[in-house]
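Colleague: Need a 3D model of the following:
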Amino acid sequence: MLLRLILLLLLTVPALAQTPADTARLRRHLVALTTTTQPRNYQHLASLNQAADYITAELAAAGGRPTAQAYEVQGQTYHNVLASFGPETGARLIIGAHYDVCGEQPGADDNGTGVAALLELARLLGQQPALPYRIDLVAYTLEEPPFFRTPQMGSYVHAKSLHEAGVPVRGMVALEMLGYYDDRKGSQHYPFGPLKWVYGSRGNYVTVAQKFGNGRFGRMFARRYKTAAALPVKRFKAPAWLPGIDFSDHLNYWHFGYSAVLLTDTAFYRNKSYHQPTDTLARLDMHRLALAVNALLAVVAAR
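Modeller: Residues are numbered from 1 along each chain as shown. Okay, the predicted model is just below:
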């Protein structure tokens with residue numbers, strides 16, 4: 001009887017075990033993204049393409065089916081980088097992160113951490129024996145000013161292409177700044193002061209943010225992510241007009257009627273190096289970034 005029990009454990013534990021996100025790989029991705037020849041913004045197309053080439057190679061190495069979505073802005077060609085995992089057909093889940101930066105800064109948290117998380121998620125998805133549905137990972141270009149809230153955003157181009165093709169979409173998750181944490185009291189701020197009494201004043205969590213009326217996918221993702229995570233998670237739902245609630249690529253999926261959520265460390269409400277030259281790798285927490293990725297994998301790969 002004891003021998004049968006041991007054999008049963010040996011057979012079942014590997015199948016249930018989940019390979020954790022690798023902090024060394026996350027760091028390597030961030031080094032590659034923050035050390036391009038020039039900052040990866042729309043004015044330095046060679047550096048933006050250098051980042052896109054790196055992302056493409058990593059997605060292919062992970063076992064994804066990579067493609068590029070090219071489009072023109074002001075006479076220049078820019079690229080979204082996509083890779084799909086799981087079944088070719090059926091409704092798909094979109095997970096995306098923008099790889100460009102604002103101005104002349106390294107953009108380690110904004111949005112190097114989102115892209116690093118995307119690439120590490122790709123590696124982990126590639127190790128899954130079977131996925132229950134198609135998952136498309138997308139690295140967007142031109143999220144930052146002067147293109148934010150315009151049809152030139154890479155995420156607008158992608159969301160529009162899905163809508164025009166009638167592609168069924170389960171939902172969308174935007175990864176936007178996931179690597180900065182501060183355990184001190186008073187380190188977390190909010191668009192509305194009294195919210196600190198609900199969500200706390202320590203910047204030690206990730207949040208799943210969405211607008212009211214975001215649909216079933218948003219509710220399910222937020223609940224499951226909080227359950228799966230080994231770090232604090234706050235679920236935040238607010239009117240779409242509240243400052244910060246739509247400050248990333250998910251806003252364009254809302255525009256086309258898709259349910260979409262933002263997964264973030266809350267950006268400038270916590271990280272005072274937002275859009276500054278001090279947004280460097282040295283200020284980030286690789287361990288908690290890895291925990292954020294682990295929870296994401298647990299949710300999206302579950303049957």
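Colleague: all contacts plus neighbour counts: C-alpha atoms, from now on.
Modeller: Will do.
Colleague: packing partners for the top helix by length along the chain?
Modeller: The helix spanning the most residues in the chain, taking DSSP state H as the definition, is helix 45-61. Counting contacts by 3 or more Cα pairs under 8 Å, 6 or more residues apart in numbering; DSSP states H and E, helix 45-61 is packed against helix 23-34, strand 65-73, strand 76-85, helix 114-126.
Colleague: Quick one: distance of it to the chain centre.
Modeller: 17 Å (Cα atoms, centre = their mean, to the nearest Å).
Colleague: Tell me how many other residues crowd the closest residue to residue 26 other than its chain neighbours.
Modeller: Beyond its immediate neighbours in the sequence, the residue positioned closest to residue 26 (Cα to Cα, 6 or more residues apart in numbering) is residue 116, lying 5.5 Å away. As a burial measure, the neighbour count of residue 116 was computed by other Cα atoms under 10 Å and equals 31.
Colleague: try residue 220
Modeller: Neighbour count of residue 220, defined by other Cα under 10 Å: 11.
Colleague: For the one helix or strand it maps to, buried residues please.
Modeller: Secondary structure assignment for residue 220, by DSSP states H and E: helix 216-228. Across helix 216-228, burial judged by 16 or more other Cα atoms under 10 Å covers 217-219, 221-226, 228.
Colleague: Against which helices or strands is it packed?
Modeller: Contact analysis of helix 216-228 by 3+ Cα pairs under 8 Å, 6+ apart lists strand 169-176, strand 233-238, strand 260-264, helix 286-300 as its packing neighbours.
Colleague: Sheet partners, orientation included, of the first one?
Modeller: Sheet neighbours of strand 169-176, with direction, are listed as strand 92-98 (parallel), strand 260-264 (parallel) (DSSP bridges).
Colleague: avg pLDDT for the first one?
Modeller: When you say that, I think you mean strand 92-98. For strand 92-98, the mean pLDDT works out to 98.
Colleague: so that strand versus strand 76-85, what angle?
Modeller: 140 degrees (axes from the mean of the first three to the mean of the last three Cα atoms, to 10 degrees).
Colleague: Could you list the residues in contact with strand 92-98?
Modeller: Outside of strand 92-98, the residues within contact range by Cα atoms under 8 Å, 6 or more residues apart in numbering are 111, 114-115, 118, 133-143, 168-176, 249.
Colleague: Which of the residues you listed are buried, as a PyMOL select command?
Modeller: Selecting in PyMOL just the buried members of these, where the criterion is 16+ other Cα under 10 Å, is done with this command:
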select buried, resi 111+114+115+118+133+134+135+136+137+138+139+140+141+142+143+169+170+171+172+173+174+175+176+249
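Colleague: quick one on the thing from earlier: dump the helices and strands packed on helix 45-61 into a markdown table; add distance to residue 42 and mean pLDDT as well.
Modeller: As requested, these are arranged in a markdown table below (distance: least, Cα to Cα, whole Å; pLDDT from 0 to 100):
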| stretch | distance to residue 42 | mean pLDDT |
| --- | --- | --- |
| helix 23-34 | 15 | 98 |
| strand 65-73 | 10 | 97 |
| strand 76-85 | 8 | 98 |
| helix 114-126 | 17 | 98 |
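Colleague: Most tightly packed of the ones you listed?
Modeller: Of all the helices and strands packed on helix 45-61, helix 114-126 has the most neighbours on average by mean count of other Cα atoms under 10 Å, namely a mean of 25.
Colleague: now it and helix 45-61, what's the angle there?
Modeller: Calculated by the same axes, to 10 degrees, helix 114-126 forms an angle of 20 degrees with helix 45-61.
Colleague: by how many degrees do helix 114-126 and helix 23-34 diverge?
Modeller: Taking the same axes, to 10 degrees, helix 114-126 and helix 23-34 form an angle of 140 degrees between their directions.
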